[in-house]
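Colleague: just a sequence and a predicted model for now, questions to come.
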Amino acid sequence: MLKKIEKWAEIMIARGFKRWQSPQAMMQAARQAHQPHEKMQAPRRQTRYSYENGPMYYLGQQIVKAMQDAGYPAKISECYRSPERQSKLRKEGFSKARAYQSPHQYYEAVDIIHPSLGWNVSQEYWDTLATCARIVADRYGVEFDGGFKWGWDLAHIELEDWRTFRAKVRSNVLMEGEARPPTKAELGERFQEVLPQQWRRKPWPC
């Protein structure tokens with residue numbers, strides 16, 4: 001199959017077809033033409049859930065499961081993002097937020113993408129993700145913000161009140177003197193605040 005895809009790409013290049021910006025982009029298009037697997041299910045489905053990384057990671061896993069139930073593979077590509085990586089992304093123009101200005105530094109956002117296609121998916125995929133996010137928000141009584149409302153950064157979903165949690169962490173940081181991510185104890189308190197019923201039902205030890 002790979003040889004057929006490579007041959008197809010070579011033929012298109014020879015014909016002077018310049019729709020794609022690079023051979024890699026053309027190869028990706030060739031794979032999609034021969035293997036339209038955007039809705040093909042991954043062999044592993046979301047069945048286990050984490051309580052250790054705050055409520056947004058748990059909710060992100062619920063969105064992943066809803067996507068899988070809708071027929072689309074999905075995964076959380078990022079929840080926590082280090083301040084160093086945040087600064088790097090800002091420098092490269094991929095984010096407007098400085099370190100500790102993004103919900104990712106507080107485990108309050110997730111980026112959900114296709115496991116194999118990444119961000120290179122159809123608008124239907126993003127529309128389904130937006131619908132699944134709204135369903136999960138209604139089910140758990142939370143409010144989400146993110147790309148499905150902004151119209152850009154479509155993989156990004158965050159808790160709407162994440163700045164409240166940031167302020168709480170910052171108040172503790174002021175006593176300690178240095179900016180830092182939330183501690184495990186702070187994440188646990190946040191989970192209890194946002195999802196009290198799920199916290200009470202979580203398996204022990206977590």
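Modeller: Structure received. Keep in mind that what you see is a predicted model, and the values were worked out from it rather than measured.
Colleague: for the protein, what's the longest helix?
Modeller: When the chain is parsed with DSSP state H, its longest helix is helix 123-140.
Colleague: with just CA atoms, put it into PDB.
Modeller: Taking Å, rounded to 0.1, in the frame of the first residue of the first chain, the C-alpha atoms of helix 123-140 are listed here in PDB:
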ATOM      1  CA  GLN A 123     -14.700  20.300   9.500                       C
ATOM      2  CA  GLU A 124     -17.200  17.500  10.300                       C
ATOM      3  CA  TYR A 125     -14.700  16.200  12.800                       C
ATOM      4  CA  TRP A 126     -14.400  19.500  14.500                       C
ATOM      5  CA  ASP A 127     -18.100  20.000  14.500                       C
ATOM      6  CA  THR A 128     -18.600  16.600  16.100                       C
ATOM      7  CA  LEU A 129     -16.000  17.500  18.700                       C
ATOM      8  CA  ALA A 130     -17.900  20.700  19.500                       C
ATOM      9  CA  THR A 131     -21.100  18.800  19.900                       C
ATOM     10  CA  CYS A 132     -19.500  16.200  22.100                       C
ATOM     11  CA  ALA A 133     -18.000  19.000  24.300                       C
ATOM     12  CA  ARG A 134     -21.500  20.600  24.700                       C
ATOM     13  CA  ILE A 135     -23.000  17.200  25.600                       C
ATOM     14  CA  VAL A 136     -20.400  16.500  28.200                       C
ATOM     15  CA  ALA A 137     -20.800  20.000  29.600                       C
ATOM     16  CA  ASP A 138     -24.500  19.600  30.000                       C
ATOM     17  CA  ARG A 139     -24.100  16.100  31.500                       C
ATOM     18  CA  TYR A 140     -21.700  17.300  34.200                       C
END
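Colleague: by contact count, what packs against that helix?
Modeller: Here helix 123-140 touches helix 54-69, strand 144-146, helix 147-150, going by 3 or more CB pairs under 8 Å, 6 or more residues apart in numbering; DSSP states H and E. Quick note: C-beta positions are derived from backbone N, CA and C, even for glycine.
Colleague: give me the element the residue nearest the centre of the chain is part of.
Modeller: The centre of the chain sits closest to residue 111, judged by CA atoms, centre = their mean, with a distance of 1.4 Å. Per DSSP states H and E, residue 111 falls inside strand 109-113.
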